[in-house]
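A.B. asks: What shape does this take:
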Amino acid sequence: MPRSVASIDTTSSADSYDSDEELRLAQQEWEESLEQLQQLVSMVLLPYLGKWLGRRWSHWAFARYLRLGLGKSFFFGERALGSSY
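C.D. replies: Numbers count the residues shown, from 1 in each chain. Modelled structure (predicted):
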């Protein structure tokens, strides 16, 4: 009878080891996936977002330059110079 108890303990510890190993591997894969997503965002999405925002800002700034010229009103606004509050 002691042999069967020992074999049960061995089996349960082996199952426990497999379960711990699976959890460790799952955690490692999760961390690798997060790292890949971070690289995707930093190398692909952020440059395109910056390019898009830069172009939007440059179109806005050029339209403002055409409307106001490059003076104090361009930097401080149209109402800031005309108002005497």
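A.B. asks: how close does residue 43 get to residue 50?
C.D. replies: Using C-beta to C-beta, to the nearest Å, we find residue 43 at a distance of 12 Å from residue 50. The C-beta positions use only the backbone N, C-alpha and C, and glycine is treated the same way.
A.B. asks: just the helices in this protein please.
C.D. replies: For the chain, the helices identified by DSSP state H occupy 2-40, 46-68, 72-76, 78-82, in order along the chain.
A.B. asks: ranking the ones you listed by burial, who's on top?
C.D. replies: helix 72-76 (a mean of 12; mean count of other C-beta atoms under 10 Å).
A.B. asks: Tell me where the chain is predicted with low confidence.
C.D. replies: Across the chain, the stretches falling below the confidence threshold (pLDDT under 70) are 1-16, 80-85.
A.B. asks: run the last query once more with 90
C.D. replies: Along the chain, the model assigns pLDDT under 90 to residues 1-20, 64, 67-85.
A.B. asks: ok, residues contacting stretch 67-83?
C.D. replies: Residues outside stretch 67-83 that contact it (C-beta atoms under 8 Å, 6 or more residues apart in numbering) are 64-65.
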